[in-house]
Structure formats: structure tokens, C-alpha cells
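Colleague: Kindly generate the corresponding structure for this input.
(chains A, B and C)
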Amino acid sequence: MEERQILHVDVNNAFLSWTAVHMLKNGHSIDIRTIPSIIGGDEERRSGIVLAKSPIAKKFGIVTGEPIYFARKKCNRLETYPANFEVFKFYSDKLYDLFLEYTDQIERFSIDECFLDMTKFLNGRKLIDVAYEINERVYKELGFTVNVGVSSNKLLAKMASDFEKPNKVHTLYEYEIEDKMWHLPVSELFMIGKKTVPKLFNLGIKTIGDLARQDKEFIVRKFGKMGVMMHDYANGIDLSPVNNIIEKPKSIGNSVTLPKDLKDEEEIYKIVLALCEQVSYRLRCHDLVASTVNLQLRNKDFKDISHQKPLSYLTSSTKEIAKTSKELLKEMYKGEPIRLVGVRVDNLQEKDEVQMSFFENDTKQEKLDSVLDGLKKKYGYSSVTRAGELDVKEIVKGKEKKMK
DNA sequence: TCTGGGGTCCTAGGACCC
DNA sequence: TCTGGGGTCCTAGGACCC
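Modeller: Numbering: from 1, shown residues only, chains lettered A, B, ... in the order given. Have a look, this model is predicted:
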């Protein structure tokens, strides 16, 4: 088989860069990329964490994911800006459109990362030349910078794009693995998280090279299925194709940190209900039905509990999902202060492919849901509200994004 | 000191059956 | 006192990613 030609494109400080470009376009005089700044959540809502940081903020030791409160202690002239996911989606789509000029084999790995399979689209050009061209064009035409990783599989291309930032192109071909990747701490390897690092450390494994040179059997004995992947990745092995198919979701969830801990079961249920409405709405937008509901509660000490329950039948009905969620809440809730509530549906199936015998027979409810969905699509999610629920809607914000 | 929200996948243990 | 063994399915929790 001929060698594949893979690129990984990663937007540098995506949320912050996109916000900066958007602000400049709207007449803001300062480029927030050039000052100590972050994109952060809402501290009053107790979701105040750092989502993205400027290079100068980084120099102050500010890291993504830490509370904004900590970040401000590290830099008292830090400017913080809110996240606007509609803006992010806009620039993410612009970037995708640009990639379409090069190949139709694109995998949107996240809002700010794509894999491009150029194998059949090079037309005699060198992959590295295409990488540089994309890097330059994105900056010239869209106003933000990207890192481009160049290699023969997705894992190596992704590792390459993570080398020196910002606005860089790096290669990481098989023959370069030893030189460029093996000296890195093992924590840098994709899929090695903070729980696995100390376990590897205890085995004397500190670098990606240490892991790669270990006996595979040994690693698999210690880490199971995860071990297979870890050892392959450390050796630069990844056969997974660039998947350009937009897959239907396997689960749909909505969770919210409450502005204040709640202890009253009725109050908590109001939140659950609003979450159910949102989840079932999104389910219907995808033409999917679910067979299980999962309720998550986080208490004030950050302990999470979650229970799941099968629905009586495959459904996307708000009423049924809310009913089962209520049963879950009754069985789980012991009266402690609750910080976060989440509802998620699982085991999703295409509505068309489900045999009628497994369906509910509640045409009236279905019609009601569908009428309300129509209003939500036309006038925005929060336009449709149950009486007396306005305060809850303030907490559980609807996704305004329109589905196809 | 205060700690998001959206996902996917894996695993251990219990229930149940033969 | 000793109390199978294997398979499947389900659940809760946890690891990882961005």
C-alpha cells in the first residue's frame, strides 16, 4: 500500500484568536492576542474557568482549565472575555471551507482541529508545500494562525502539529520518530492523561521512548486494551483512516452547574425538566430515538453520581424522558446540596429504522413536541417556555444553533 | 483559593441463565 | 463445611479528548 499523505491542522489558541479576529472586525482597537488575556466562563455562575489564553497570559503561568480566580492572582492586569460559540462555529466553518479547496477527505476532529487526507489530491505537489500554503493562506485570508502537522498517519500528524507554536509547520515521519518524539515526556503522547502518567512513572517509564521500547506484552498486561494503543502510539503506529463522514451522535446530554447549590428536590426537578426539554429537542432534530436516560448529580464536594434507566419504549418524547428522569431523581437523591445536574440519553437509533412495535402510540404528544420544535427552530430555542419556568431557562440556556 | 460542558470508550462487578 | 464455571447483559464509575 502506498504511503498516506496526512495533515493535521490545529488553530493556535482557537477561542482567543477567533474572539480577537471577531472583535477587530467589529471595530475594537486592541488585538487581545497581544495583551495578557483569556477567554473564560462566568464566575457568577460558578463556571469560571480558563478556556483559552493569550501567549502573554501563558507567560504568567496561566493554564487552560484553571479557575479564573487563580489566573487573576497570577496576573492582576488580566483581561477576560466571554466565550461565544456562534462566533467559534463561524470561523471553524470558514476554515473547513478553505480545506475543501484541497481535499474532500476531511475529518473534523473538534471545533478547532481537522485531519486532511491528501493522498489522492496532491497532483504531483509535495505534501509539505501544501502544508505551508495552508498555513499562509489561513493567516492571510482568515486572520488567525494555525499549526500544521505533516506525516503518513493521523497520530504522527497530530503529534507534529503540537510541536513548537504558534504559526508553524512540522513534519514527523516514521524515520523522525526517534529524534523528534521519543525524548518527550510520556504525558505528551495523545491519550496519556494525568491518571496514567504516575502509573507509568512507577514502572520507570518517563519518556515516550521509554514506553515505545518496553515489551508490548508487558504494557498490555498492565493496561489492558488501553495498553495496546499506548504502545502503538509511542511507536508511531496508527492505521485509522481519516473519517470524513459526519456520524450521528451516540449520546446526547446537557448539564449545568447551578449558580447556587440546591437542596430542594422540587427545585432540582425543575432544572432536570429544562434539561430534558433541551436534550429531547436535540434528539428530535437528529431524527433519533433513545432507549435509556442517564441522570447525573454532582454534590458540593464534587462527587458525581449517575444512574441510568431504560425508557419504556424507544422515544424522543420530552414527556417520557422527563418521566423517567423524575424516577431516577427520586431513586438517587438523598437530600445533599447539589452543584451540578445533567441529563443524557443513550443507545440512540435512527427513528426510521425502528420497528413500529417498539414505538409509543402517543401521536398527540408527538404533534405537540413537533409544533414546539418548529417554533424553536424559527424563533430560537428560548422562545418556547413552559409557564413559570423563566428563571430556570435563565440557568439552562438553550442552544440557539439551528439544526439543518 | 475554586474547580465547564460536550462527548467516546473501557472496565469491574452484579444479576441471571444454563 | 463447602459451596462449578462459563457466558451475556446491564450498570456505575472512570479515563481520556477538546
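
Colleague: Not counting residues beside it along the chain, what's closest to residue A:139?
Modeller: Nearest non-adjacent residue to residue A:139, counting by CB to CB, 6 or more residues apart in numbering: residue A:145, 5.4 Å away. (Glycine included, C-beta is placed from N, CA and C.)

Colleague: of all the residues in chain A, which ones are close to DNA strand B?
Modeller: Proximity of chain A to DNA strand B, by CB under 7 Å from any atom of the strand, involves residues A:41, A:43, A:45-49, A:51, A:65, A:67, A:69-70, A:73, A:224-226, A:249-257, A:282, A:301-302, A:340, A:342, A:344.

Colleague: Can you list the low-confidence ranges for chain A?
Modeller: A:355-361, A:382-390, A:397-404 (pLDDT under 70).

Colleague: could you pull out the strands for it?
Modeller: Listed in chain order, the strands of chain A (DSSP state E) span A:6-11, A:37-40, A:50-53, A:79-82, A:106-110, A:113-117, A:146-151, A:169-171, A:252-262, A:288-299, A:304-315, A:338-346, A:349-350.

Colleague: Any quick ChimeraX command for the buried ones out of the residues of chain A next to DNA strand B?
Modeller: Remark: buried members of the residues of chain A next to DNA strand B, expressed as a ChimeraX selection using 16 or more other CB atoms under 10 Å:
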select /A:41,46,47,48,49,51,67,252,253,254,255,256,257,282,340,342,344
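
Colleague: for stretch A:177-191, which positions count as buried?
Modeller: Neighbour counts using 16+ other CB under 10 Å place A:177, A:180, A:181, A:182, A:186, A:189 of stretch A:177-191 among the buried residues.

Colleague: do stretch A:339-349 as well
Modeller: For stretch A:339-349, using 16+ other CB under 10 Å, the buried residues are A:339, A:340, A:341, A:342, A:343, A:344, A:345, A:348.

Colleague: could you list every residue that touches the nearest residue to the fifth one once chain neighbours are set aside?
Modeller: In this structure, residue A:343 finds its nearest non-sequential neighbour in residue A:275, 4.1 Å apart by CB to CB, 6+ apart. With CB atoms under 8 Å, 6 or more residues apart in numbering as the criterion, the residues that contact residue A:275 are A:254, A:255, A:256, A:325, A:341, A:342, A:343, A:396.

Colleague: do the same with residue A:71
Modeller: Counted by CB under 8 Å, 6+ apart, residue A:71 has contacts A:38, A:40, A:50, A:53, A:57, A:62, A:78, A:80.

Colleague: So which residues of the stretch 51-200 of chain A form helices?
Modeller: Assigned by DSSP state H, counting those that start in this stretch, the stretch 51-200 of chain A shows helices spanning A:55-59, A:68-74, A:85-99, A:127-142, A:154-161, A:177-180, A:196-202.

Colleague: Determine which of the ones you listed approaches residue A:292 most closely.
Modeller: helix A:85-99 (27.5 Å; CB to CB).

Colleague: name the helices or strands packed onto the closest one?
Modeller: Helices and strands touching helix A:85-99, by 3 or more CB pairs under 8 Å, 6 or more residues apart in numbering; DSSP states H and E, are strand A:6-11, helix A:14-25, strand A:106-110, strand A:113-117, helix A:127-142.

Colleague: any idea which of those is most buried?
Modeller: Highest mean neighbour count among the helices and strands packed on helix A:85-99 (mean count of other CB atoms under 10 Å): strand A:6-11, with a mean of 26.

Colleague: any residue of it up close to DNA strand C?
Modeller: No. Judged by CB under 7 Å from any atom of the strand, strand A:6-11 makes no contact with DNA strand C; its nearest approach is 8.1 Å.

Colleague: partners of that strand, with directions?
Modeller: Its sheet considered, strand A:6-11 pairs with strand A:113-117 (antiparallel), strand A:146-151 (antiparallel) by DSSP bridges.

Colleague: Using CSV, please lay out those strands together with distance to DNA strand C.
Modeller: CSV is the format used below for the strands paired with strand A:6-11 (distance: least, CB to the nearest atom of the strand, whole Å):
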stretch, distance to DNA strand C
strand A:113-117, 5
strand A:146-151, 12
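
Colleague: and DNA strand C, which of the helices of the stretch 51-200 of chain A is closest to it?
Modeller: With distances scored as CB to the nearest atom of the strand, the stretch of the helices of the stretch 51-200 of chain A nearest to DNA strand C is helix A:196-202 (3.4 Å).

Colleague: is any part of that closest one close to DNA strand C?
Modeller: Yes. Judged by CB under 7 Å from any atom of the strand, helix A:196-202 comes into contact with DNA strand C at A:196, A:197.

Colleague: In the stretch 151-300 of chain A, which residue sits nearest DNA strand C?
Modeller: Nearest to DNA strand C, among the residues of the stretch 151-300 of chain A, is residue A:193, at 2.2 Å (CB to the nearest atom of the strand).

Colleague: That residue: how many residues sit nearby?
Modeller: Number of residues near residue A:193 (other CB atoms under 10 Å) recorded here: 9.

Colleague: how close does it get to residue A:111?
Modeller: From residue A:193 across to residue A:111, the span is 20 Å (CB to CB, to the nearest Å).

Colleague: And residue A:304, by the same measure?
Modeller: Residue A:304 is 25 Å from residue A:111, by CB to CB.

Colleague: before we move on, what about residue A:14?
Modeller: Separation of residue A:14 from residue A:111 (CB to CB) stands at 7 Å.
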